[in-house]
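Q: turn this into a model:
(one chain, ligands or ions: 1)
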Amino acid sequence: MTKRILVCLTGASGAIYGVRLIEKLKSVGHEVHLIVSRWGEETLAHETSSSREDLGKIADFIYDEMDLTAGPASGSFHLDAMAIVPCSMKTLAGIAHGYADNLVARAADCTLKERRPLVIVPRETPLNLIHIRNMETVTEAGAIILPASPAFWHKPKNIDELVDSIVDRIIPHLGLSKTEIEWKGDI
Ligand SMILES: Cc1cc2nc3c(=O)[nH]c(=O)nc-3n(C[C@H](O)[C@H](O)[C@H](O)COP(=O)(O)O)c2cc1C
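A: Next comes the predicted model:
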């Protein structure tokens, strides 16, 4: 069954994880709603060959990060799940403290209050105590923290296989069954 998934790319390193997630969701017909933050655009351009415009052509809907009139700013706008991939420490902080000053933080606020799945993929190292406490806070509020720390046990042959080892972990936490999307085994 088609699900409506909101994918957000923020200004942490690891834009490729978000790109791959969008591609996988679209490859099996899910409806992808997309927000790319201002700094997400920068990291996307810096790290990949894709731009916000390119991703907008793959996604079904794309929103401006500052458009708080857009659907995802309201809990009554139906979404099945939300993923922030990659998630910066700044966006994590905003979510942890209910500081919804842009559409990513506001949509996450709504996702949590509506008790829908929210997957946060942070990319920062090392972590300070503020980062750790913010991760604890959002976890207590119902979010899933799924760090961008790829596995090596499956002997990845290239970056794509490393990236997939994270993206394939995100998908089930969005409430999508393993069988819907090519599954490479429990990691
Ligand atoms: C090239 C580049 C790489 C960055 N990498 C990270 C990162 O890995 N993790 C992080 O938390 N912030 C990182 N930042 C800083 C964030 O982009 C910055 O805190 C920004 O305000 C995040 O805003 P956003 O969450 O609204 O996208 C990076 C910035 C740049 C320019």
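Q: OK, contacts around residue 65?
A: 35, 36, 37, 38, 40, 102, 103, 104 (C-beta atoms under 8 Å, 6 or more residues apart in numbering). Every residue, glycine included, has its C-beta placed from N, CA and C.
Q: swap the cut-off to 10 Å and go again
A: Residue 65 makes contact with 8, 10, 35-41, 52, 102-105, according to C-beta atoms under 10 Å, 6 or more residues apart in numbering.
Q: by neighbours, which of those residues wins?
A: residue 10 (33 neighbours; other C-beta atoms under 10 Å).
Q: just confirm that residue contacts residue 86, I think it does.
A: Yes - using C-beta atoms under 10 Å, residue 10 makes contact with residue 86 at a distance of 6.5 Å.
Q: overlap of the contact sets of those two?
A: By C-beta under 10 Å, 6+ apart, the residues touching both residue 10 and residue 86 are 18, 40, 43, 120, 121, 122, 123.
Q: so residue 93 touches residue 105, yeah?
A: Yes - applying C-beta under 10 Å, one finds residue 93 in contact with residue 105, separated by 9.1 Å.
Q: buried residues in stretch 87-94?
A: By 16 or more other C-beta atoms under 10 Å, the buried positions in stretch 87-94 come out as 87, 88, 89, 91, 92, 93, 94.
Q: coming back round to it: shared neighbours, residue 93 and residue 105?
A: Common neighbours of residue 93 and residue 105 (C-beta under 10 Å, 6+ apart) are residue 99.
Q: near the ligand, which residues of the protein show up?
A: Contact residues, the chain versus the ligand (C-beta under 6 Å from any ligand atom): 10-13, 37, 39-40, 42-43, 46, 88-91, 123-124.
Q: ok, of those residues, which one's closest to the ligand?
A: residue 11 (2.6 Å; C-beta to the nearest ligand atom).
Q: ok, and the closest non-adjacent residue to the closest one?
A: Leaving aside its sequence neighbours, residue 11 sits nearest to residue 39 (C-beta to C-beta, 6 or more residues apart in numbering; 2.5 Å).
Q: now do the contacts for residue 99.
A: 91, 93, 105, 106, 109.
Q: swap in 8 Å and give it another go.
A: With C-beta under 8 Å, 6+ apart, residue 99 has these contacts: 93, 105.
Q: go on, residue 44?
A: 9, 15, 18, 19, 36, 50, 51, 52, 55.
Q: and the last one, what's its pLDDT?
A: The predicted local confidence for residue 55 comes out at a pLDDT of 98.
Q: returning to that earlier point: so which strand or helix has the residue nearest to residue 11?
A: helix 38-47 (DSSP states H and E).
Q: let me see the ranges of the helices in the protein.
A: 15-27, 38-47, 52-58, 89-96, 103-113, 129-140, 159-173 (DSSP state H).
Q: relative to helix 103-113, how tilted is the second one?
A: In other words, helix 38-47. 110 degrees (axes from the mean of the first three to the mean of the last three C-alpha atoms, to 10 degrees).
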